[in-house]
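Colleague: Provided below for reference: sequence and predicted model.
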Amino acid sequence: MHDQFGRRGFLGGALVLAAAGLLDHVPGLAPRAAHAQTRARTLKIALLGLDTSDPHRHTGSIAVQQVYVEGLTSIADDGKAIPYLAESWTVSPDGKRYVFRVRAGVKFHNGREMTAADVLANAQRVRDLRRGWLAAPMQLVSSMEAPDARTFVMEMKEPYGPLLNILSELWIIAPESPGWSATVQTPIGTGPFAFGQWVPNEKLTSPAHREYWQPGLPKVASVEFNLRDTVDYSLALRAGDMHVARVPADQMAALKADPNIQIQYMKDTSWIFWSFNNRRPRAPFDNVKVREAIAHAIDKAALLKVWAGDAGVPTNQMAAPGNFFWDEALHKADRHAKPDRAKALAMLQAEGVVPARTPLRIVSWQNDYSQACAQTMRELGFQVEHLALDDVGAQRRLGQLDWDLAPFGSGPRADIFLRYVRLMSDGPNTGLWGSPQDPAFDEMVKNAVAAVDLDRRRAHYLDAWRHAMDRYWTVVIGHSAEAIANRRDVTGWSPGFTWGASRVDGGAGHASLVRAS
């Protein structure tokens, strides 16, 4: 049998921040004295939004829901899959059979104990929905069973390398959750906090789970998420009205100078890019030479400065420098590493494009980065129509496929596959990348995930990426480690590998507020 933790320690690359005693708090792995602190106060957090109450139907907003739902695995700071609701697992030598030992004593928010039958029901529901992040891997499952209350078995049709990491996003809810047969309205999970009260696009208030399986957790009475994604929270942090929040690049210096504020970084990176409409491109943006010309006008270093301050690293790949799946030779060959406006204009002229007579519609979020991208296109002479929207509005407009250019960024994911799948024909939430449809690309990615050997998997992924680059589906600007600020009266808080606000070894469930407001 393979090692139960897999071989995924390389994923964090240069960003790994290992800590001794990583799982000292997990029952069965190390002794831990009962935590005597009385829960009090509300932890106030602002990270990302919440796009649905159904954990199996989300379109990418994963930061909030992980305080009330948990998976079989969790992602450690180095990108490795570690035990969560599964206390251990084994994988057959051919990489097709996975046997999980389901943790005992885990209770749903309604007080019922979770069993392997609940895990099976959730896996079947995700498979049958045929949508979302796990749609593709779940179609590769040949059989699933729960032979007893503590055992869950998955048989795959073929090896599937990313499975253990991806199962960190197979969130387990009680099948009696209202809306189970359609869209879950009130998820009954196992996390350190219950779902609570949700006001879409405004706030989620989640009370502590009094029978949470990790002793002494959570340490606060409730957690309140502010879901307004266009708000600058730096003033609220400095005033003490917010405890944890993402940091805009233009506020980094002021927050670093505040002795009451601590800046920490997520362990994986976000990647920043420009995408073209690949499903219904309008002329002349259906011409790959025109796309190449526009790419020559991009000043990657300047745009990264706007997005991430000094924390950005330019590259041309969806994996960051230092990551196992990044390729140095491909990086050094980046023909768009430096802007060349003269070349861009010459190429447009050669293709018969007169920017002054060419409308260009941009869809984006409401941020300085997208404004800088739009200005780049205005300076080339295009007649720019810029639709800057909040997250929900942008996702909807992207789905209409009536735009030309989309400058966006995408955050850390549990596995590199969850980036590649966004460009696949049947991938989830593909709008940020213009929804390409390309069977050849799909096949390359499928070959990658079926490869048991890591070097072969990497080679297949790079083949797929070169295929996408040659067609200019998207142009990568670079990567940045997302900065998260917390007030110093918050102890026990640290960002993880992904945006998830809670995980087995950290996050909101482990945080304390040490003094009164």
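Modeller: Here it is on my side, so go on.
Colleague: how many neighbours does Ala459 have?
Modeller: Per other Cβ atoms under 10 Å, the neighbour tally for Ala459 reads 16. C-beta here means a position set from N, CA and C on the backbone, and glycine is covered the same way.
Colleague: that one falls within a helix, correct?
Modeller: Yes. Checked against DSSP: H, G, I helix; E, B strand; the rest coil, Ala459 lies within a helix.
Colleague: in terms of pLDDT, where does it sit?
Modeller: With respect to pLDDT, Ala459 has a value of 97.
Colleague: how about Val452?
Modeller: 80.
Colleague: now do the phi/psi pair for it.
Modeller: Here is the backbone geometry of Val452 (degrees, to the nearest 10): phi -80, psi -40.
Colleague: show me the contacts for it.
Modeller: By Cβ atoms under 8 Å, 6 or more residues apart in numbering, the contact set of Val452 is Gly95, Pro159, Gly161.
Colleague: could those go into TSV alongside neighbour count and distance to Leu134?
Modeller: Output for the contacts of Val452, formatted as TSV (neighbours: other Cβ atoms under 10 Å; distance: Cβ to Cβ, whole Å):
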residue	neighbour count	distance to Leu134
Gly95	17	18
Pro159	18	17
Gly161	23	15
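Colleague: got TSV for those residues, with distance to Arg246 too?
Modeller: Supplementary listing: the contacts of Val452 in TSV, determined by distance: Cβ to Cβ, whole Å:
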residue	distance to Arg246
Gly95	37
Pro159	37
Gly161	31
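Colleague: nearest to Val126 among the residues you listed?
Modeller: Using Cβ to Cβ, Gly161 comes nearest to Val126 of the contacts of Val452, at 18.9 Å.
Colleague: between the contacts of Val452, which sits nearest Ala46?
Modeller: Gly161 (34.8 Å).
Colleague: if I look at that closest one, how far off is Ala76?
Modeller: For Gly161, the distance to Ala76 (Cβ to Cβ, to the nearest Å) stands at 17 Å.
Colleague: low-confidence ranges in the stretch 401-517 of the chain?
Modeller: In the predicted model, the stretch 401-517 of the chain carries pLDDT under 70 at residues 515-517.
Colleague: show me where it has its strands.
Modeller: For the stretch 401-517 of the chain, applying DSSP state E, counting those that start in this stretch gives strands covering 405-410, 474-480, 483-487, 490-491, 502-503, 506-507, 512-513.
Colleague: for the stretch 1-150 of the chain, same thing?
Modeller: So, for the stretch 1-150 of the chain - with DSSP E, counting those that start in this stretch - the strands run 42-46, 73-75, 81-83, 86-91, 97-102, 141-148.
Colleague: out of those strands, which comes closest to Pro284?
Modeller: The closest of the strands of the stretch 1-150 of the chain to Pro284 is strand 42-46. By Cβ to Cβ, the value is 40.9 Å.
Colleague: what is the closest one packed up against?
Modeller: Strand 42-46 sits against strand 222-226, strand 244-246, with contacts defined as 3 or more Cβ pairs under 8 Å, 6 or more residues apart in numbering; DSSP states H and E.
Colleague: and the contacts of that strand?
Modeller: 205, 220-226, 228, 231, 233, 236, 241-246, 490, 501, 508, 511, 513.
Colleague: buried ones among those residues?
Modeller: Among the contacts of strand 42-46, those scoring as buried are 205, 220, 222-226, 233, 236, 242-246, 490, 501, 508, 511, 513 (criterion: 16 or more other Cβ atoms under 10 Å).
Colleague: state the mean pLDDT of the helix or strand containing Gln395.
Modeller: Using DSSP states H and E, Gln395 sits in helix 391-400. The pLDDT scores in helix 391-400 average 90.
Colleague: gap between it and the chain center?
Modeller: 18 Å (Cα atoms, centre = their mean, to the nearest Å).
Colleague: tell me the buried residues in it?
Modeller: Neighbour-count burial for helix 391-400 flags Asp391, Val392, Ala394, Gln395, Arg397, Leu398 (criterion: 16+ other Cβ under 10 Å).
Colleague: doesn't Leu50 make contact with Val392?
Modeller: No. Using Cβ atoms under 8 Å, Val392 makes no contact with Leu50, being 9.9 Å away.
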